[in-house]
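Peer 1: sequence unknown, structure follows:
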């Protein structure tokens, strides 16, 4: 008894000294009842409110199914990078779980399934620090993606089974898809082939022109001219209206945010968007349809999107399957200089889906960038920065400006560029790319599987004329990954390093210090690398296996353009005579044990 009492007192003393005691807030105590299919929005708000003002709180959900509608939920005007259409429609978003101005909070989902209704953000973390969300799943009752499985096909008709979650109506022989508070006005389509596990862009126009006939429940026959379609029994057509008006989840102006064992079974809009936040960790985060749901697609667009973040972005042991866009995109944003007056610079958001938020802050370091060469013209530090309209910011550098004309050039924010680690993860079932990354800090992509991505499994770009996604990379390591049958839609499964510099400077490169080592490429045509404007590029100790595919194997394995200090050695090819092709390069620029062909 004395020993037990002594141990208890010691435990209490230790907790009081270390300050690790936590306040447990049970959502059930605030009216969140599982499995009753009632709207829990207002009760979730009460539970979150109870966490405010408490240090080191835990918000615990009750488990089971929890339904959430926009009615009674939080509503906030949000401007989302890459997902805010430039029109006059309201940018007010409904948010199931809003964490604003929170500190030291853990949200334990207790394996709850949150079922969302209407177009709604699953969770938003705004102006918060040290937030962890774990053990929770999110899904849509009616996804904004409609899915049709082809049962039979001939020249004059196609029979389809429409997924039970895809609500539709037939009016005057034409099919219309609708949901809770919305109706599709356009029909972006991707076809999934379950036999090859490939997703390819498709066209729904012939189905819209055809006569739709209801055969039975969720069975629709389309009568028309289908002679030019190469569809097969079992193919799944996934259809969405491409208008981007939301995201799956949103993290903004926050720091030290961790998602662990979080499952996103469907996200409307851009996916999980982290915008101007610091230190984001995703561990065992899954973006994939719920098991046994029968659905193919889990994300309307990207799965994980990082715009203008800093610190460390870490993605570990994650899984994405079924998206209409890239699995991961990490980038900054180039803003164009439209006016220089009295040492102040006015810059403008250029892409129609990105605007309305501050992209620069006082004390940020910036680079002046030539949009044609993508090379820096000079550097400065900001004294002031303010958003003067939804589309423009006014910046005041501390030092004198570069001597070039400036108007028409772009500015990149160098402070808000993250270090990136992507490891131990699997990315599959997308018609586009696996990972896009453009950041000047250290990037490590290791021990991942890229399976059947329609385009390049990894793209390193940088542009100031299209998406305006910045910027140059200076330290990238890609090693111990498996790339299997990628690039079937684009014609090449190569890792692609492709800055969009319309003017080449033969003395300087956009990107530098990229190492691609110890990877396995299971390639359908032998093409494994395209690189443009890179200094110090290494491609070594990789295995390139083409034996599993019957398509024609290309002799050119690696395409280079305007690169310097390239090393290509000690790779193993099943193709007997792989070739390295160089454009706008000298022989001294490439050290290789393969056949080298150079062209001016």
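Peer 2: Ah, there it is. Please read all numbers here as calculations on a predicted model, not as lab measurements.
Peer 1: in the sheet, who's paired with the nearest residue in space to residue 376 that is not next to it in sequence?
Peer 2: Once flanking residues are discounted, residue 376 sits nearest to residue 367: 4.6 Å by C-beta to C-beta, 6 or more residues apart in numbering. Bear in mind the C-beta positions are built from the backbone N, C-alpha and C, glycine included. With DSSP bridges as the criterion, residue 367 is bridged to residue 379, residue 412.
Peer 1: residues contacting residue 367?
Peer 2: 376, 377, 378, 379, 411, 412, 414, 471 (C-beta atoms under 8 Å, 6 or more residues apart in numbering).
Peer 1: let's see 10 Å
Peer 2: 334, 375-380, 402, 410-414, 440, 470-472 (C-beta atoms under 10 Å, 6 or more residues apart in numbering).
Peer 1: pLDDT score assigned to it?
Peer 2: If you check residue 367, the pLDDT there is 97.
Peer 1: where's it relative to residue 440, distance?
Peer 2: Distance from residue 367 to residue 440, counting by C-beta to C-beta, to the nearest Å: 9 Å.
Peer 1: Would you map out the domains in this structure?
Peer 2: Partitioning the chain according to automatic domain parsing yields domains covering residues 2-135+251-323, 145-240, 332-413, 427-599.
Peer 1: Serialize those to JSON lines and add fields for distance to residue 419.
Peer 2: Shown next, in JSON lines, are those (distance: least, C-beta to C-beta, whole Å):
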{"stretch": "domain 2-135+251-323", "distance to residue 419": "5"}
{"stretch": "domain 145-240", "distance to residue 419": "31"}
{"stretch": "domain 332-413", "distance to residue 419": "14"}
{"stretch": "domain 427-599", "distance to residue 419": "4"}
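Peer 1: Where do the helices of the stretch 1-150 of the chain begin and end?
Peer 2: 2-18, 41-51 (DSSP state H, counting those that start in this stretch).
Peer 1: shared neighbours of residue 367 and residue 440, anything?
Peer 2: Common neighbours of residue 367 and residue 440 (C-beta under 10 Å, 6+ apart) are 412, 414, 470, 471, 472.
Peer 1: which one of the residues you listed is nearest residue 74?
Peer 2: Using C-beta to C-beta, residue 470 comes nearest to residue 74 of these, at 32.0 Å.
Peer 1: Please give me every residue in contact with the closest one.
Peer 2: 308, 331-335, 367, 369, 374, 410-414, 417, 438-440, 461-464.
Peer 1: Could you do residue 394 as well?
Peer 2: By C-beta under 10 Å, 6+ apart, the contact set of residue 394 is 339, 341, 344, 345, 346, 347, 360, 384, 385, 386, 387, 388.
Peer 1: filter these to the buried ones?
Peer 2: By neighbour count, with 16 or more other C-beta atoms under 10 Å, the contacts of residue 394 hold 345, 346, 347, 360, 385, 387 as buried.
Peer 1: for the stretch 301-450 of the chain, what are the low-confidence residue spans?
Peer 2: Where the stretch 301-450 of the chain drops to pLDDT under 70, the residues are 403.
Peer 1: Residue 193 contacts residue 234, doesn't it?
Peer 2: Yes: counting by C-beta atoms under 10 Å, residue 234 is a contact partner of residue 193 at 7.7 Å.
Peer 1: Contacts only, for residue 468.
Peer 2: Shown in contact with residue 468 (C-beta under 10 Å, 6+ apart): 331-336, 349-351, 354, 371, 410, 412.
Peer 1: So it versus residue 53, what's the distance?
Peer 2: 41 Å.
Peer 1: can the contacts of residue 394 go into TSV with extra columns for distance to residue 132?
Peer 2: Shown next, in TSV, are the contacts of residue 394 (distance: C-beta to C-beta, whole Å):
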residue	distance to residue 132
339	44
341	46
344	41
345	39
346	40
347	35
360	29
384	35
385	31
386	33
387	30
388	36
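Peer 1: Give me the buried stretch members for the longest strand out of those in the chain, please.
Peer 2: Determined from DSSP state E, the single longest strand within the chain is strand 103-116. By neighbour count on 16+ other C-beta under 10 Å, the buried set for strand 103-116 is 103-110, 112-116.
Peer 1: shaky segments in the protein?
Peer 2: In the chain, residues with pLDDT under 70: 1-20, 403, 550-551.
Peer 1: Residue 567 against residue 535, yeah?
Peer 2: No: counting by C-beta under 10 Å, residue 535 is not a contact partner of residue 567; they are 11.9 Å apart.
Peer 1: Let's see which of the shared contacts of residue 367 and residue 440 end up in strands.
Peer 2: Per DSSP E, the shared contacts of residue 367 and residue 440 map to strands at 412, 470.
Peer 1: Show me which pair in the shared contacts of residue 367 and residue 440 is furthest apart.
Peer 2: 414 and 472 (10.2 Å).
Peer 1: Need the residues touching each of these two.
Peer 2: Once C-beta under 10 Å, 6+ apart is applied, the residues that residue 414 and residue 472 both contact turn out to be 367, 376, 440.
Peer 1: chain center to the helix or strand where residue 535 lies: distance?
Peer 2: Using DSSP states H and E, residue 535 maps to strand 534-540. Offset of strand 534-540 from its chain centre (C-alpha atoms, centre = their mean, to the nearest Å): 26 Å.
Peer 1: same thing with stretch 559-577?
Peer 2: 30 Å.
Peer 1: Please dump the contacts of residue 468 into JSON lines; it should also carry neighbour count and secondary structure for every row.
Peer 2: Formatted as JSON lines, the contacts of residue 468 follow (neighbours: other C-beta atoms under 10 Å; DSSP: H, G, I helix; E, B strand; the rest coil):
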{"residue": "331", "neighbour count": "25", "secondary structure": "strand"}
{"residue": "332", "neighbour count": "28", "secondary structure": "strand"}
{"residue": "333", "neighbour count": "29", "secondary structure": "strand"}
{"residue": "334", "neighbour count": "28", "secondary structure": "coil"}
{"residue": "335", "neighbour count": "28", "secondary structure": "strand"}
{"residue": "336", "neighbour count": "20", "secondary structure": "strand"}
{"residue": "349", "neighbour count": "25", "secondary structure": "coil"}
{"residue": "350", "neighbour count": "20", "secondary structure": "coil"}
{"residue": "351", "neighbour count": "16", "secondary structure": "coil"}
{"residue": "354", "neighbour count": "25", "secondary structure": "coil"}
{"residue": "371", "neighbour count": "20", "secondary structure": "coil"}
{"residue": "410", "neighbour count": "26", "secondary structure": "strand"}
{"residue": "412", "neighbour count": "28", "secondary structure": "strand"}
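Peer 1: Is it possible to get CSV of these that adds distance to residue 298?
Peer 2: Below are those laid out as CSV (distance: C-beta to C-beta, whole Å):
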residue, distance to residue 298
331, 22
332, 27
333, 26
334, 30
335, 32
336, 35
349, 29
350, 30
351, 25
354, 24
371, 35
410, 34
412, 32
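Peer 1: Closest to residue 29 out of the residues you listed?
Peer 2: For the contacts of residue 468, the nearest to residue 29 is residue 354 (41.2 Å; C-beta to C-beta).
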